[in-house]
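Engineer: Sequence below, structure please.
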Amino acid sequence: MAKLPDIHIYAHHEHKITFERKFGCKVLKDGLFTVTVPEDLVEEFTAFYRAEVSKSAGIDNTFQAKTHEEAVKICNSFGRWKVEATEERELLIFYRNASHGQFWITDNGLIEPDGRRESTGGWYHGIDRDSFSRRGAVAGVSACVAVRVKITARDGKTTHRYDLPREGELGPVGNELQRYDMKCNPAFYSKKDKNYIPYTEKAAGFFVGQIRQTMQRAYDLCEFLNQDDAQLSDDIEAGRIPFDLTETTPA
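Structural biologist: Below you'll find the model as predicted:
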């Protein structure tokens, strides 16, 4: 019987799940290689071995292989098995207040998320570029859909990551919300969540409506203010205001 160097295995999952151990190895007089499984891994290794290697073989705290390469292969397979994880995708609407958004204005004054479906119009530039981005307006609320992926390791430990929705995961209204490109996604790999609610088409419709109304109001106001100073003054004094300026009293 000759003792060989330990079989050192290291396995990792893409979501920071790692496993590293050493397995003792020796070769018997009959040429079989015997690998000793660490005591704390025997139960798990037995489940793995019977599922992946041999349903009929019994495992105490060792297993045998015909070659050293086969022994190493089985140990490495166990490592990969150990770091396997399941993923659950949860669609969420992330939202925030007083953030920047962009909108497309058609030639007849209608608000659209972007111009991909429009033959006329352009990005609205009526807002002071010194204050806001070239293709943006201040919206009272912004929102977008993101996916929080729950990763559950074989040992029950969980981690999370964020992803973008896949094709077919959103309904028509959810897709419209995404077209506004409000850049409200949580930072990938961030442990701190922004405000969010579960994604439904009804919830997406609420935010689409609020975003559209807010941007329409921004467009109307900016077009009104962009006219000649004297004309603006006359229109205000005469009450010629082409949209609702309902006054509110501070609380």
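
Engineer: So, low pLDDT: which residues of the stretch 151-251 of the chain?
Structural biologist: Low-confidence segments of the stretch 151-251 of the chain (pLDDT under 70): 185-194, 244-251.

Engineer: can you pull out the strands in it?
Structural biologist: Defined through DSSP state E, counting those that start in this stretch, the strands belonging to the stretch 151-251 of the chain, from first to last, are 158-163, 196-198.

Engineer: Between these, which one is closest to residue 173.
Structural biologist: strand 196-198 (14.3 Å; CB to CB). To be clear about C-beta, it is placed using only N, CA and C from the backbone, and glycine gets the same treatment.

Engineer: Can you name the residues that contact residue 53?
Structural biologist: 63, 74, 77 (CB atoms under 8 Å, 6 or more residues apart in numbering).

Engineer: coming back round to it: for the strands of the stretch 151-251 of the chain, give me JSON lines that also has mean neighbour count and distance to residue 230.
Structural biologist: Formatted as JSON lines, the strands of the stretch 151-251 of the chain follow (neighbours: other CB atoms under 10 Å; distance: least, CB to CB, whole Å):
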{"stretch": "strand 158-163", "mean neighbour count": "15", "distance to residue 230": "52"}
{"stretch": "strand 196-198", "mean neighbour count": "13", "distance to residue 230": "48"}
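
Engineer: Minimum distance to residue 152: which of the ones you listed has it?
Structural biologist: strand 158-163 (5.1 Å).

Engineer: returning to what we had before: identify whichever of the strands of the stretch 151-251 of the chain lies nearest to residue 172.
Structural biologist: Using CB to CB, the strands of the stretch 151-251 of the chain put strand 196-198 closest to residue 172, at 17.9 Å.

Engineer: before we move on, the earlier item: in helices only, show me the contacts of residue 53.
Structural biologist: Secondary structure from DSSP state H places 74, 77 of the contacts of residue 53 in helices.

Engineer: need the contact list for the spatially closest residue to residue 171 that is not a sequence neighbour.
Structural biologist: In this structure, residue 171 finds its nearest non-sequential neighbour in residue 201, 4.5 Å apart by CB to CB, 6 or more residues apart in numbering. Counting by CB under 8 Å, 6+ apart, residue 201 makes contact with 171, 172, 173, 174.

Engineer: I am finished for the moment; much appreciated.
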